[in-house]
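1. Sequence and predicted structure are below.
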Amino acid sequence: MQPQLKQLGLTQLEKALPALFETARQEQWTYELFLTRAVAAEIEGRDRRAAERRMTAARLPTIKTLEAFDFAFQPSLSERLLWELADLSFVQTATNVLFLGPPGTGKTHLSLALAVKALSAGYSALFTTLTHLAEALDTASYPGLVRQRLRRYTTPSVLVIDEVGYTKLSPGQAHHFFELVTARYEHGSILLTSNTGFSEWGSLLGDEILATALLDRLLHHAEVIPINGRSYRMKDRRETLETGGQK
Ligand code: ADP
Ligand code: MG
């Protein structure tokens, strides 16, 4: 039986079968119930494996959730808006979401949380930083390889580009970044985090005209979320200072 299941590619059922037989005997399942459960075991196993593959492919540095986000700590942020985004219609409409604010305000946390939501709903996602992205596209030595690398960043339903503003791009990198934003425009969402105001993007890209054209596409269908609060990273330190070390 087991080899035949393998031959048919029913590897999940093959794994689940001994336990299914056991329960079926104990609970005296009907033939119908047994077959239903056997088919369900294969489907559930496949879904689980697909979800694991999507999660690995997304290269998230850590798992963060909206549930674990302390909205009370960041009052400038609309909790309702974030929960609306979590229903993922922004993915369907290829709307971009931009989190702007100083370090430690939860920008990466929130973009990861939305990526996790998208992954669990069955969408593909990919996490990168702008520095990493720029290097990946820059070091590609011949045009075919650049195309191939670009495709890696254009195909996922959700692309997280973290930490825009920390590195200035070379002319080649800026050009590829523009190409990427153009390729995803109206096709796939970008979740972007930045500590830099839009007015500084010209110097970031080393080209005012390119920056204007890029922002034009990036912001056409976009939710821009400024976070003007305190750093969560400093929270504990500040509490310690305020209480003189007595917690
Ligand atoms: P940023 O990307 O804006 O610099 P992060 O998202 O990396 O900030 O947040 C820094 C750390 O603080 C992370 O571990 C994150 O999970 C946590 N954090 C930030 N804001 C909150 C919050 N409001 N509630 C819970 N954890 C938070
Ligand atoms: Mg960050």
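-> Sure, I can see it. Ligands and ions are numbered 1, 2, ... in the order given.
2. how does this protein divide up, domain by domain?
-> Structural domains of the chain, as assigned by automatic domain parsing, span the residue ranges 2-55, 71-234.
3. For the longest helix seen in the chain, which residues meet the burial criterion?
-> Looking only at the chain and at elements set by DSSP state H, the helix with the highest residue count is helix 31-58. Residues of helix 31-58 classed as buried: Ala38, Ala41, Glu42, Gly45, Arg54, Met55, Ala58 (neighbour count, 16 or more other C-beta atoms under 10 Å). Heads up, the C-betas are built off the backbone N, CA and C, glycines and all.
4. same question for that helix, mean pLDDT?
-> Per-residue pLDDT values over helix 31-58 give a mean of 96.
5. Columns distance to ligand 1 on top of the domains of the chain, output as CSV?
-> As requested, those are exported to CSV (distance: least, C-beta to the nearest ligand atom, whole Å):
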stretch, distance to ligand 1
domain 2-55, 18
domain 71-234, 3
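6. Now name the helix or strand holding the most centrally placed residue in the chain.
-> Residue closest to the mean C-alpha point of the chain, counted by C-alpha atoms, centre = their mean, is Ala115 at 3.0 Å. With elements taken from DSSP states H and E, the one containing Ala115 is helix 107-120.
7. Which other helices and strands does that helix contact?
-> Of the remaining helices and strands, those touching helix 107-120 by 3 or more C-beta pairs under 8 Å, 6 or more residues apart in numbering; DSSP states H and E are helix 31-58, strand 96-100, strand 125-129, strand 158-164, strand 189-194.
8. how about that helix: buried residues?
-> Judged by neighbour count (16+ other C-beta under 10 Å), helix 107-120 contains these buried residues: 107-119.
9. Let me know the closest of the residues you listed to Leu20.
-> Nearest to Leu20 out of those is Leu119 (C-beta to C-beta; 28.8 Å).
10. so that closest one makes contact with Ala58?
-> Yes: the pair Leu119 and Ala58 passes the contact test of C-beta atoms under 8 Å, sitting 5.9 Å apart.
11. list residues touching both of those two?
-> For the pair Leu119 and Ala58, residues contacting each of them under the criterion C-beta atoms under 8 Å, 6 or more residues apart in numbering are Ala125.
12. And stretch 16-34, what's buried?
-> Across stretch 16-34, burial judged by 16+ other C-beta under 10 Å covers Ala16, Leu17, Leu20, Ala24, Trp29.
13. Columns secondary structure on top of those, output as JSON lines?
-> JSON lines is the format used below for the buried residues of stretch 16-34 (DSSP: H, G, I helix; E, B strand; the rest coil):
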{"residue": "Ala16", "secondary structure": "helix"}
{"residue": "Leu17", "secondary structure": "helix"}
{"residue": "Leu20", "secondary structure": "helix"}
{"residue": "Ala24", "secondary structure": "helix"}
{"residue": "Trp29", "secondary structure": "coil"}
